[in-house]
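Undergrad: got a structure for you, letters missing:
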C-alpha cells in the first residue's frame, strides 16, 4: 500500500497548489510520498522545492496508471466532477482532499483540509511554510508578483496599471522566453524566479494575484494587496476578508492605487500558523508513524 500526493498545476493555472503541496511534503519529513502533477515541467524541477520524487502524469485520469486500488492519496485539485469524486474515494483506501472552496462538503469516506470548514474528519487551516513566520528585515519597500502563469500576457496588456505601482517585480515560473524584456521598463527592479522567497519575505508592501504568495507575505509580517483575476476562481475571497487583506477586482488602476495607499495604515489580522496542525491531521488520517 503506497501513498501519493496529486496536485493540479500548469502554465494556465500557476503554481499555487504546487507550492502548498511542496510545503506539506517538506513538513512530512521522511515520509515517502511521490508527487503526481499534471505538469511535466514543474515535475522536472520539483527537487528544488524539497520534493524528492515527482512524476508528470498530464491529466488527472492518468492517476490509476501510477497508483493502484487500495493505495492512499492526498488530492489537491478541482478537476473532478461528483461522479469521479465518489469513484476516487472508493478507489483509494484513504482519500484526503485539499479544498479552497467555501461551499465544499465532505463526502463519506474522505478526509478534508479546508480554510473554512470544521468537523469530524476535517482539518481547518492553510498550509504556509513555517519559514515565512520567521520575521525577516523588510528591505524592499514595494514589490509585485503577478503569479507564475501569464499565458495570455495579461501583465503586459495591463502594463500601464502595474507601472503605476513603482515596484519591484518577481518573474513567474511559466513566463515566456524574453517576456521580461517587455516588462522591465515598467518596474524598478526585476527579480528572478529563484529569488521568490527572499522578495516575499523582505517586502513591506506586496501586490499579487497569487493567493499563496499573499498568505506567505502576510505571515512574514508584510502588507499584501490581492488582485482577483477576472478569469480565476474566487475561493480565497472569504479567507482574505477574514484576514483583512485588501482585494482589488481585476486590473483597475485607480482601485489598486487606492488600496495600496490605504494598506500602509491598514489593520491586518494575524495568520494562524497551522501547517503543523495539518501535518498532525495527515499523519493520523493516513496512519503514518
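TA: Arrived safely, thanks for sending. Just so we're clear, the structure is a prediction, and the values are computed from it rather than from any experiment.
Undergrad: Show me what stretch 243-255 is in contact with.
TA: Here stretch 243-255 makes contact (CB atoms under 8 Å, 6 or more residues apart in numbering) with 154, 158, 160-162, 164, 214, 218, 224-230, 237, 240-241, 256, 259, 262-263, 266-269, 271. Using the backbone N, CA and C atoms, a C-beta is placed for each residue, glycine as well.
Undergrad: In helices only, show me these.
TA: Assignment to helices by DSSP state H places the following of these there: 154, 160-162, 214, 218, 237, 240-241, 256, 259, 262-263.
Undergrad: give the contact list for residue 98.
TA: The neighbours of residue 98, taking CB under 8 Å, 6+ apart as the test, are 17, 20, 74-76, 112-114, 127.
Undergrad: Give me the secondary structure label for residue 113.
TA: Three-state call for residue 113 (DSSP: H, G, I helix; E, B strand; the rest coil): strand.
Undergrad: Low-confidence ranges, the protein, go.
TA: Applying pLDDT under 70 to the chain flags residues 289.
Undergrad: In it, mark out all the strands, start to finish.
TA: 3-7, 35-37, 54-56, 72-76, 94-98, 110-114, 122-124, 140-145, 168-170, 190-191, 203-208, 223-228, 247-249 (DSSP state E).
Undergrad: partner strands of the fifth one, parallel or antiparallel?
TA: Each strand paired with strand 94-98, and its direction, by DSSP bridges: strand 72-76 (parallel), strand 110-114 (parallel).
Undergrad: Roughly how far does the residue nearest to residue 259 when sequence neighbours are not counted sit from residue 177?
TA: Leaving aside its sequence neighbours, residue 259 sits nearest to residue 246 (CB to CB, 6 or more residues apart in numbering; 4.3 Å). With distances taken as CB to CB, to the nearest Å, residue 246 is found 34 Å from residue 177.
Undergrad: ok, those two, which is more surrounded?
TA: Counted by other CB atoms under 10 Å, residue 246 and residue 177 do not tie: residue 246 has more neighbours, with 22 against 6.
Undergrad: can you pull up the bridge partners for the nearest residue to residue 282 once chain neighbours are set aside?
TA: Distances taken as CB to CB, 6+ apart place residue 96 nearest to residue 282, at 6.5 Å, with adjacent residues excluded. Beta-bridge pairing of residue 96 under DSSP bridges involves residue 74, residue 111.
Undergrad: was I right about residue 96 contacting residue 279?
TA: No: in this structure, residue 96 is not within contact of residue 279 by CB atoms under 8 Å, at 11.9 Å.
Undergrad: of the ones in helices among the contacts of stretch 243-255, closest to residue 36?
TA: residue 214 (26.4 Å; CB to CB).
Undergrad: Leaving out chain neighbours, which residue sits closest to that closest one?
TA: residue 224 (4.3 Å).
Undergrad: would CSV of the strands paired with strand 94-98 with mean neighbour count and distance to residue 58 be doable?
TA: Output for the strands paired with strand 94-98, formatted as CSV (neighbours: other CB atoms under 10 Å; distance: least, CB to CB, whole Å):
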stretch, mean neighbour count, distance to residue 58
strand 72-76, 23, 16
strand 110-114, 22, 24
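Undergrad: now those as a markdown table including distance to residue 188?
TA: Output for those, formatted as a markdown table (distance: least, CB to CB, whole Å):
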| stretch | distance to residue 188 |
| --- | --- |
| strand 72-76 | 35 |
| strand 110-114 | 38 |
